[in-house]
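Novice: need coordinates for the below:
(one chain, ligands or ions: 1)
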Amino acid sequence: MDTLAAGEHRGLKAGKLVVLSKNFSGSDRDVQCRFMDAMSLVAKYGKPDYFLIMTCNPYWPEITELLLPGQTHQDRPDIVTRVYHAKLIDFHDFVIKKGFFGKVAAWAHVTEFQKRGLSHEHFLLIMDSSSKLSGPDDFDKYISAELLDEKKCPLLHEFVCKHMMHGPCGVLNRNCGCMQDGACRFRYPKQFSETTEQEKNAYPIYRRRNDGHKVFVRKKWLDNRWVVPYNPTLLMRYNCHINVEVSSSIKGCKYLYKYVFSDLAMNCTSISYMPERAILSTRNEYVDSLNAVMIGKFPENENVYYSHDSVDDDSTNNYPLNFLNSITPNCLPPHELKINVQ
Ligand SMILES: [Zn+2]
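Specialist: Okay, the predicted model is just below:
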């Protein structure tokens, strides 16, 4: 009450600043610590290899068997979250401890526990060097993005139809939740492709053959172009939406720019736009490469300036010029400094 009373005379004094400790889940300090932990993992073990999203299935028999007559899963969040948690522990055991994809060097995950919608998990796996994916043939071993023969594997086919079909969106349904500015924000339907392909620094194109397989889902006929990439073993084991994708080949910075500095060309002269944005990086070499791409995006002409490096009292030439030009000490610009000047 004292602080409120003071605020009656001076607006600055209203309320009280409280800094929550990192033990308070979701506080700024907690988030900051987790972010730094995740960055240290990447700095030590390299880029993630797999990206997985697993969503709770409220029709798991473990949940439905416990509902009382007349109840739905929405009435019993206690049961839903406990069963989901148990599945997560099993997932951890199967994928990380027992190494379903191979030896896991490091991993990070986050649960989105929303007050509406179902809990889901985002996992990033960084594999040990012995278990890294080497190319499209390896992707096919673990990831599928096609419908299956209903007669050969009826149960798996049923799970793919139930959990792994996107949409329908786009021309089939303009009101789908994924539509943004007239197009699907997840870029469905994907293109047909006879083989899995990997172009440099791009998302892989998974094998989606035009083999005539179709299923009737949510009132529309959908083919392989609508299948969300999955792993058959994990889908069979968990019977829920579980999207598995390869992420090792993507150079994240391309996407970072797009999200952090959207509309750069329009806003780069704005005083408030630039200082509000930053991309944190773990190493100086990454900072330099990020800066180089960033500067290339400014509309003005690029000028290059070189440092003049020399060492006093180096009569025996212990520090050759090319070595001095190559080092990137903290707080000093690189040897070759590119700046865009109007
Ligand atoms: Zn869509």
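Novice: from now on I want contacts and neighbour counts done on CA atoms only, so please keep to that.
Specialist: Fine.
Novice: and the residue of the stretch 51-200 of the chain closest to the ion?
Specialist: Residue nearest to the ion within the stretch 51-200 of the chain: C184 (4.1 Å; C-alpha to the ion).
Novice: beta partners of that residue?
Specialist: Assessed by DSSP bridges, C184 has beta-bridge partners M179.
Novice: so it makes contact with P168?
Specialist: No. Using C-alpha atoms under 8 Å as the test, C184 is too far from P168 to be in contact (9.8 Å).
Novice: more crowded one of the two?
Specialist: P168 (22 against 19; other C-alpha atoms under 10 Å).
Novice: what's the local residue count around the residue in the stretch 201-342 of the chain that the ion sits nearest to?
Specialist: Distances between the stretch 201-342 of the chain and the ion by C-alpha to the ion are smallest at W226, namely 8.7 Å. Per other C-alpha under 10 Å, the neighbour tally for W226 reads 25.
Novice: need the pLDDT of it.
Specialist: Note for W226: predicted pLDDT of 91.
Novice: so who does it touch?
Specialist: Contacts for W226 (C-alpha atoms under 8 Å, 6 or more residues apart in numbering) come out as M165, H166, G167, P168, Y188, P189, K190.
Novice: could you do R207 as well?
Specialist: With C-alpha under 8 Å, 6+ apart, R207 has these contacts: D140, S144, A145, E146, F192, S193, E194, T195, T196, E197.
Novice: so in terms of bridging, what pairs with the last one?
Specialist: Listed beta-bridge partners, E197: I205 (assigned using DSSP bridges).
Novice: residues from the stretch 51-200 of the chain in reach of the ion?
Specialist: C169, C178, C184 (C-alpha under 5 Å from the ion).
Novice: may I ask which of the residues you listed comes out lowest in pLDDT?
Specialist: Minimum pLDDT across those falls on C178, with 84.
Novice: for that one, give me its contacts.
Specialist: G167, C169, C184, R185, F186.
Novice: ok, so of the residues you listed, who is nearest D75?
Specialist: Proximity of the contacts of C178 to D75 (C-alpha to C-alpha) peaks at G167, which lies at 27.0 Å.
Novice: that closest one - how many residues pack around it?
Specialist: Neighbour count of G167, defined by other C-alpha under 10 Å: 23.
Novice: that one and M179 touch, don't they?
Specialist: No. At 9.7 Å, G167 and M179 do not qualify as touching, with contact defined as C-alpha under 8 Å.
Novice: centre of the chain to the helix or strand Q32 falls within, how far?
Specialist: Element membership for Q32 (DSSP states H and E) is helix 28-45. Its chain's C-alpha centre and that of helix 28-45 lie 15 Å apart, by C-alpha atoms, centre = their mean, to the nearest Å.
Novice: residues in contact with the helix or strand just after it?
Specialist: Going down the chain from helix 28-45, the next helix or strand is strand 50-55, by DSSP H and E. Outside strand 50-55, the residues within contact range by C-alpha under 8 Å, 6+ apart are 118-126, 240-248.
Novice: what comes up buried for the following helix or strand past strand 50-55?
Specialist: Using DSSP H and E, the next helix or strand after strand 50-55 towards the C-terminus is helix 61-64. Judged by neighbour count (16 or more other C-alpha atoms under 10 Å), helix 61-64 contains these buried residues: I63.
Novice: which secondary structure elements does helix 61-64 sit against?
Specialist: helix 77-91 (3 or more C-alpha pairs under 8 Å, 6 or more residues apart in numbering; DSSP states H and E).
Novice: for the helix it packs on, buried residues please.
Specialist: I79, V80, T81, V83, Y84, L88, F91.
Novice: who touches the third one in this structure?
Specialist: When you say that, I think you mean T81. If you count contacts by C-alpha under 8 Å, 6+ apart, then T81 has S119 around it.
Novice: dump the buried residues of helix 77-91 to JSON lines, plus distance to E336 and pLDDT.
Specialist: As requested, those are exported to JSON lines (distance: C-alpha to C-alpha, whole Å; pLDDT from 0 to 100):
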{"residue": "I79", "distance to E336": "60", "pLDDT": "90"}
{"residue": "V80", "distance to E336": "57", "pLDDT": "90"}
{"residue": "T81", "distance to E336": "55", "pLDDT": "89"}
{"residue": "V83", "distance to E336": "57", "pLDDT": "93"}
{"residue": "Y84", "distance to E336": "53", "pLDDT": "92"}
{"residue": "L88", "distance to E336": "49", "pLDDT": "93"}
{"residue": "F91", "distance to E336": "49", "pLDDT": "93"}
